[in-house]
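Q: Below is the sequence, then the predicted model.
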Amino acid sequence: MEDSFRLRRSLLYVPGNMPSMLQNIPIFESDAVMIDLEDAVPYSEKDAARTLVHSFLSTYRERNKEIFVRINGLKTDWWQQDLLAILPALPDGIRLPEADSPELVEQLDTVLTEFEEELGIDIGHFKILPSIETAEGVINCIKTARSSNRLIGLAFGAEDYTASLEIERTKTGEELFAARTRVVWACKAAGIQAIDTIFSDVSDMEALRRETTLIKTLGFSGKSLVNPRQIEIVHEVFAPKQEEVDYALQVIEAIQKAREMGTGVISLGGKMIDAPVVKRALKILKTAQAHGLIDMPLDEEVIYGHK
Ligand SMILES: CC(C)(COP(=O)(O)OP(=O)(O)OC[C@H]1O[C@@H](n2cnc3c(N)ncnc32)[C@H](O)[C@@H]1OP(=O)(O)O)[C@@H](O)C(=O)NCCC(=O)NCCSC(=O)C[C@@](O)(CC(=O)O)C(=O)O
Ligand SMILES: [Mg+2]
């Protein structure tokens, strides 16, 4: 499966200084976890957290989910020690906070290559998920999205973003709309995934559902989470609905019939079916396949009649 179709609906933050939380990582049903060495860990506990995360990852070898570690930002004094401690335990990737410019990602990319050479593992093993969480980051994100082959996506961080704009974050999110849209554009143009920010009120599940529905509509593939109780709702929202899958299958059938008739356009239930409609239907079917809801060949050449 292409990396852009890998399920990354839920990326759960787990504070790196909390052994009781770390030990539950194998049982969480999130698609990924992001072990945090940045904001969830106070300065006085940074050293202890690095040791703890290293030892947890070294023993957690049979991994059932993607593991990212959020290091401290490249403008701090701590990120190099973070990498030194955790890379030998082979996380899948690094979440880079405050990725304000493509140069910061390039800098991390170079350092990761040096570590991979030293560890004797494939170059490119360590993926990068940069956080776009300041006004500067949003302005530069189009270039940041193309700054390294290691990128699996860009993540939006609304808490720091609203702090950088000196505004309050609301539950309806009007203040985030422009930034979210730009992050999605950047990701789609670069062929990587867009991951939305956390929702911090862990007691308001209906508001979480509304926000997740909104960001799915905007084009995000998934969401960062702060609490395991948020996982189920996010997965429910991202699962393709049976009626969407059924309609997508009808669209594919209709366009194949159209091709046999020598036309690129056909009517289905009174609605025009043409190339963009087919593209969206195919995306739904690939997502359904990633969810294990259907099992069928989705050969684009057969569907479109050309590559
Ligand atoms: C929010 C809250 C305090 C609520 O506490 P509560 O006590 O009310 O939670 P309860 O539900 O009662 O917990 C029931 C049981 O689950 C356990 N449990 C809870 N959460 C767990 C978890 N995450 N991992 C494993 N275990 C967990 C808990 O230990 C208990 O276990 P037990 O006692 O055994 O029953 C708690 O969840 C928590 O600390 N979350 C992590 C916070 C964090 O990492 N922040 C930093 C990342 S964001 C950021 O930096 C913003 C950003 O940078 C980026 C962006 O947006 O992407 C930006 O700028 O925007
Ligand atoms: Mg942040």
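A: Nice, thanks for sending it over. Ligands and ions are numbered 1, 2, ... in the order given.
Q: Distance-wise, check whichever residue of the stretch 101-250 of the chain sits closest to ligand 2 relative to Ile284.
A: Closest to ligand 2 within the stretch 101-250 of the chain is Asp160: 3.7 Å, counting by CB to the ion. To be clear about C-beta, it is placed using only N, CA and C from the backbone, and glycine gets the same treatment. Distance, Asp160 to Ile284, by CB to CB, to the nearest Å: 33 Å.
Q: any idea how far stretch 116-133 is from the chain center?
A: Put simply, stretch 116-133 sits 16 Å off its chain's centre (CA atoms, centre = their mean, to the nearest Å).
Q: Then stretch 72-91?
A: Centre-to-centre, stretch 72-91 and its host chain are 21 Å apart (CA atoms, centre = their mean).
Q: How many neighbouring residues does the residue of the stretch 101-250 of the chain closest to ligand 2 have?
A: Neighbouring residues of Asp160 were enumerated by other CB atoms under 10 Å; the total is 18.
Q: wait, what's in contact with it?
A: Counting by CB atoms under 8 Å, 6 or more residues apart in numbering, Asp160 touches 97-98, 131, 133-134.
Q: Report the entries of those residues that also contact ligand 2.
A: For ligand 2, the contacts drawn from these by CB under 5 Å from the ion are Glu133.
Q: Narrow the contacts of Asp160 to those in helices?
A: Using DSSP state H, no member of the contacts of Asp160 falls within helices.
Q: which of the contacts of Asp160 has the most neighbours?
A: Tallying neighbours with other CB under 10 Å puts Pro97 at the head of these, with 27 neighbours.
Q: What pLDDT does the model give that residue?
A: Each residue has a pLDDT score; the one for Pro97 is 98.
Q: Looks like it contacts Val69 (just checking).
A: No - if you go by CB atoms under 8 Å, Pro97 and Val69 don't touch, sitting 11.2 Å apart.
Q: From ligand 1, how far off is Ser10?
A: Noted for Ser10: a distance of 11 Å to ligand 1, by CB to the nearest ligand atom, to the nearest Å.
Q: before we move on, what about Ala239?
A: Where ligand 1 is concerned, Ala239 sits at a distance of 22 Å (CB to the nearest ligand atom).
Q: In three-state terms, label Arg169 for me.
A: coil (DSSP: H, G, I helix; E, B strand; the rest coil).
Q: tell me the contacts of it?
A: Contacts for Arg169 were tallied using CB under 8 Å, 6+ apart; they are 158-159, 162, 175-176.
Q: That one and Leu119, how far apart?
A: Distance of Arg169 to Leu119, given as CB to CB: 39 Å.
Q: cool, and Asp100?
A: For Asp100, the distance to Leu119 - CB to CB - is 28 Å.
Q: and what of Lys46?
A: 23 Å.
Q: of those two, who's got more company?
A: Higher neighbour count among Lys46 and Leu119: Lys46, with 20 against 13, using other CB under 10 Å.
Q: ok, that one touching Leu37?
A: Yes - counting by CB under 8 Å, Lys46 touches Leu37, with 6.8 Å between them.
Q: Return every residue with contacts to both of these two.
A: Contacts common to Lys46 and Leu37, judged by CB under 8 Å, 6+ apart, are 72, 78.
Q: So which residues of the stretch 201-307 of the chain form helices?
A: With DSSP state H, counting those that start in this stretch as the criterion, the stretch 201-307 of the chain has helices at 205-218, 231-238, 242-260, 275-290, 300-304.
Q: State the phi and psi torsions of the residue of the stretch 101-250 of the chain closest to ligand 2.
A: As for Asp160, its main-chain torsions (degrees, to the nearest 10) stand at phi -70, psi -30.
Q: May I see the helices of the stretch 201-307 of the chain organised as TSV, with mean pLDDT, distance to Leu12 and mean neighbour count added?
A: TSV is the format used below for these (pLDDT from 0 to 100; distance: least, CB to CB, whole Å; neighbours: other CB atoms under 10 Å):
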stretch	mean pLDDT	distance to Leu12	mean neighbour count
helix 205-218	98	13	17
helix 231-238	97	7	19
helix 242-260	93	26	16
helix 275-290	92	19	17
helix 300-304	65	33	13
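Q: So which of those helices is nearest Val41?
A: For Val41, the closest of these is helix 231-238, at 22.1 Å, according to CB to CB.
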